[in-house]
Every structure is written in C-alpha cells, then in structure tokens.
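Asks: what would the 3D arrangement of this be:
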Amino acid sequence: MEPVSLLIVINSRSMNSVRPNRQNGIRHFSLPGPSLGIPAVSSRIHPLKSAARRGCRSGTLRARETTRVSDWLNQSSRRSVWTREKAALFGPGLTLGNSRKLREVVEPGEAKILDIEIILDPNLTPEQFAECAVVAEKGGVRTLWHGNMHSTWDAFVALVPAAMATSKIRLGVLALSPYEMHPLKIANAILSLNEIAKGRAIVAIGGGGAVMSATNKEGVHLNFRKMRIVRGVREAVEIVKAAGAGDLVKGYDGELFSITMPSRRDWVKSEPPKVYTCSDGPQMTRMGARVADGMQFGDLTIHRAAEVMDNIHTGWAKRDQPADDFRIGNYWAWHIKEDREQSMYEARRKLVWRTQMVPPFHGLDLLLDAEQTQLVKDNFENFAKAYYTNSDEIDGVSNELVEYLIGAVSSAGDFSDIDRELERYRELEKAGFTDLALKIFDEPMDSLKMICERVVPNLA
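Replies: Here you go, the predicted model:
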C-alpha cells in the first residue's frame, strides 16, 4: 500500500491506551497497534516531521485501524496542546483518501530557498522605516513591506526615505484595494516609488483590506460577491502592469474600471514594478497566478498547501506568457521575544487580525471542531476588544483555546522556540512557497535583528 504521510494510526479497540515514553530525550506518545510517535511539548507548535512519516510507513495500514487526527486528539486522555496544534496545521479532515495529494505537494523533491521578507508596523515614521530598511538589506531580507492601513502613514510616502537609503532590498506596499483607490492612481503611486527606488518596488492588490473595512457600513463584513472582487482585482492588476509597460496610451475598457483618456508616462525609466495579488480563495488564487507577477497569502498554514498549489498551477496554465520568477509569499505573524510572557501578551492582542479570526473566518473550521469554531465566531468582538484596549484578556474564550490558536496561526514564544518555527517554515518551502513575510510588531528593530541573525541564514 502507498505510504501515508499524515495520519495517526491506532487500534480502534484500544483508543484510551495511550502511554507516554521517551526516545532520544523527546517525549512521545505510544499508540497500540501500527503506530507512530509524535513529539509532544506542552503549549508548543510544530509541523509534522519526516520522522512521523517514516513511522507511519513502518506498519501495514488498514482502513479500520485509521482515524482522523482530530478524532484521536479529542478522545485521547493524554492530549497535549502541542499535538493538537500539529493536527490543526494539516486540517482535521485529513484522511487516507486525500493524503496522497498533500504529500505530493509538501514533498516535491529538492526544496527551493525560502526568502524572508519583513512587514513593519505602518505607524513607524519614514525615518524609522529607512533605518530598518538598511538593517534588513544588510541582513539578507528580500523585501520590506509597508501595510496600507486606514489611520497610519501613507505607505508610498513612508517608503521614500527607505528607497533613498538602500540599493538592493525590494520595497512593497500591501494590501491596496481598487475599491478604495482607482487602479490608475495605484499605478501612478507605485511607478513614482519605483522610479525613486530604481526598479525595486512591489505593490500587492486585494479586494478588501483595512481601509475598506474602515469605510464600509458593515465594517469587516464585506460582501465580496457583490463587489466582484476577483474581477475588480484582475482589472486593477492589468491596469497597473499596463501602465508600467507603457501600454495605456489607448486607455483601458474594463467592466468595473475604465481609463478613457490617453495615459502616457514618458517619465518612467526604470524596470517596471512587480504587481502581486493578495489571494486567499480559489478563484482569487487562480486569477492571480494567471495575470500577476506573484501573490501574497495571509496566515496560511501548511494544511492548505495542496489546495493553494493546485489552484496556482491551474492559473499558470492559462497565462498568455510564462511567469518570470513568479513569487508565492505568505504573511505570517512573528511574536517571538526574549521573554515568553511578553511574546504571548503581544500575540493575544493581535490574534483578532489573523485571517482565520476575521469574518468570513476563512480556514478556522480546519483548525477547530464545529463547537469551538462557533465559539470563536460568537466572540469576535471580544478578540477585537483585546486589540483596541491593549489587553491580553479575551472574554468568553478559555486560555487554552487562545494559546492553541496563537500557536496554530503565528510564531510565538521565546528564543528557544526559533528552531521549532524554522521547521514550520521549511514545510512551506518544500510545499513551493518562495517567500515568507514576517510581520513584526512591538520593538521592531530588536525583532528585525533577531530574524536576520537567527532565521535568514538558516533558510538560505
């Protein structure tokens, strides 16, 4: 039988006979029948390792002896937060029937280098951004991103000093929506920054975002279908790319966005800026792979790798021209600090803005059972309250569940947890991701230096 990568295999007649033991100094669980040992450390998170896959291959698997990962974890009397989080990374619905496809994506052969990017707090001053850009460039960071928020520095303006202080690092703005800023104006803004940066600018375009949520009567509850965001973002990407290539002389006639006057930019001299999509759903992913130079996902965990890569390949097959160094990035929250309590305090406050936690809660049901999923949805306002009041208290949700979610959708802990996170990142690398954009929060320079010293060299 084909080896199965991502299943806990147990004897269903001995569901409760779970015994802890130690092997090579690492705590494991021993399961009756054909089994595999899974390292378990309380309140930790880690991608499923190749050792677990080898353990699964060592036995003969029969369908009656298999169970979903989440089912075993829910019934086991010796359950650990760390082990539950590992299962969440790959999705509670993973079974024999769909594991082969995921294995083919997660193990494509020789992995590419995963480039590290940095997303800074958009409240930093342009001078602070420039200082960070110099350090990031020296530390091997590929791209420095400025978030487009509703009440912070204008991203294009704030990146100008960074562009003038550096010569290699790329400078990006994300996420811009064509519903808040016409694609023609997006083109003018990114082309202007690109000229100052001498061809190093990137813009990532999505359908929603912070500004849209802040100006919408329903807040974060955006009606993407009514907005026709896939069509809107596609037209925005086409307009911005056409402007960079000098192809807007005759305008643009779209269904949602039009340019009716000749649009010349004789002042544009540099290599055109790269234009990404901010993707998440299948239609946006396929569209981005078809028309853009790359894409950014948000808080994407490894269990969605098969879905994402399948949609990207579908989009690539429909391109008019092959992609030149198409980039696949993932926005990921970095909270690791010297002091673990400070890390968790920061992570609790920021948890509300992870993709799984914001309506429509995309991917949350892959991390939790139905009851827990509904509990989190019902307490969205309490997660938001913690952010707006700078509190780490989240009413209505247990601390265990909060810490589990933090571990599932972000990197948190102290310096001893960095090696664990590197393994998580390598799984994304193997899956085909080219970039990991680490979002850093409090004490940005300290976090940046740590990443340059401890993360970048270990993924090169």
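Asks: quick one: the helices in the stretch 101-250 of the chain, in order.
Replies: Per DSSP state H, counting those that start in this stretch, the stretch 101-250 of the chain carries helices over the ranges 126-138, 155-158, 160-165, 183-196, 210-215, 224-227, 229-245.
Asks: now stretch 337-354: how far from the chain's centre is it?
Replies: The chain centre lies 17 Å from the centre of stretch 337-354; the measure is CA atoms, centre = their mean, to the nearest Å.
Asks: and if you look at stretch 321-339?
Replies: 7 Å.
Asks: what do you get for stretch 399-417?
Replies: 15 Å.
Asks: if we can go back for a sec, worst mean pLDDT among the helices of the stretch 101-250 of the chain?
Replies: Note on those: lowest mean pLDDT is at helix 210-215, with a mean of 65.
Asks: how about the nearest residue to residue 382, chain neighbours excluded?
Replies: Excluding its sequence neighbours, the residue lying closest to residue 382 (CB to CB, 6 or more residues apart in numbering) is residue 395, at 4.5 Å. In this view, the C-beta of every residue, glycine as well, is placed from N, C-alpha and C.
Asks: state the distance from residue 166 to residue 135.
Replies: Computed as CB to CB, to the nearest Å, the residue 166 to residue 135 distance reads 10 Å.
Asks: sorry, back to before: out of the helices of the stretch 101-250 of the chain, flag the one nearest residue 459.
Replies: Nearest to residue 459, of all these, is helix 126-138, at 14.8 Å by CB to CB.
Asks: by contact count, what packs against that closest one?
Replies: The elements that helix 126-138 packs onto, with contact taken as 3 or more CB pairs under 8 Å, 6 or more residues apart in numbering; DSSP states H and E, are strand 115-120, strand 143-147, helix 155-158, helix 160-165, helix 444-454.
Asks: in CSV, list these along with mean neighbour count and distance to residue 415.
Replies: Below are the helices and strands packed on helix 126-138 laid out as CSV (neighbours: other CB atoms under 10 Å; distance: least, CB to CB, whole Å):
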stretch, mean neighbour count, distance to residue 415
strand 115-120, 24, 17
strand 143-147, 25, 23
helix 155-158, 20, 30
helix 160-165, 19, 28
helix 444-454, 17, 8
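Asks: which of those sits closest to residue 254?
Replies: Residue 254 lies closest to helix 155-158 among the helices and strands packed on helix 126-138, at 23.2 Å (CB to CB).
Asks: just the CA atoms of that closest one, as CSV, please.
Replies: Extracted in CSV, the C-alpha atoms of helix 155-158 (Å, rounded to 0.1, in the frame of the first residue of the first chain):
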residue,chain,number,x,y,z
ALA,A,155,2.7,53.7,2.5
PHE,A,156,4.1,55.2,-0.7
VAL,A,157,5.3,58.4,1.1
ALA,A,158,6.7,56.5,4.0
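Asks: packing partners of it?
Replies: helix 126-138, strand 143-147, helix 183-196.
Asks: try it again at 7 Å.
Replies: When contacts are defined as 3 or more CB pairs under 7 Å, 6 or more residues apart in numbering; DSSP states H and E, helix 155-158 packs onto helix 126-138, strand 143-147.
Asks: show me where this structure has strands.
Replies: Along the chain, the segments classed as strands by DSSP state E run 19-23, 26-30, 115-120, 143-147, 170-176, 201-205, 252-253, 258-259, 274-278, 294-298, 327-334, 410-411, 435-440.
Asks: reformat these as CSV; add mean pLDDT and distance to residue 372.
Replies: Shown next, in CSV, are those (pLDDT from 0 to 100; distance: least, CB to CB, whole Å):
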stretch, mean pLDDT, distance to residue 372
strand 19-23, 33, 25
strand 26-30, 31, 22
strand 115-120, 98, 29
strand 143-147, 96, 29
strand 170-176, 95, 28
strand 201-205, 98, 31
strand 252-253, 93, 46
strand 258-259, 93, 46
strand 274-278, 97, 27
strand 294-298, 96, 21
strand 327-334, 98, 20
strand 410-411, 98, 18
strand 435-440, 98, 25
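Asks: so of these, which one's packed in deepest?
Replies: Ranked by mean neighbour count, those are led by strand 201-205 with a mean of 28 (mean count of other CB atoms under 10 Å).
Asks: and that strand, what does it pack onto?
Replies: Strand 201-205 sits against strand 170-176, helix 183-196, helix 229-245, strand 274-278, with contacts defined as 3+ CB pairs under 7 Å, 6+ apart.
Asks: outside of that strand, which residues touch it?
Replies: Contacts to strand 201-205, defined as CB atoms under 7 Å, 6 or more residues apart in numbering, come from residues 143, 170-176, 178, 186, 190, 193-194, 233, 236-237, 240, 273-278, 296.
Asks: turn the helices of the stretch 101-250 of the chain into TSV, columns for distance to residue 371.
Replies: TSV is the format used below for those (distance: least, CB to CB, whole Å):
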stretch	distance to residue 371
helix 126-138	43
helix 155-158	40
helix 160-165	47
helix 183-196	43
helix 210-215	28
helix 224-227	27
helix 229-245	31
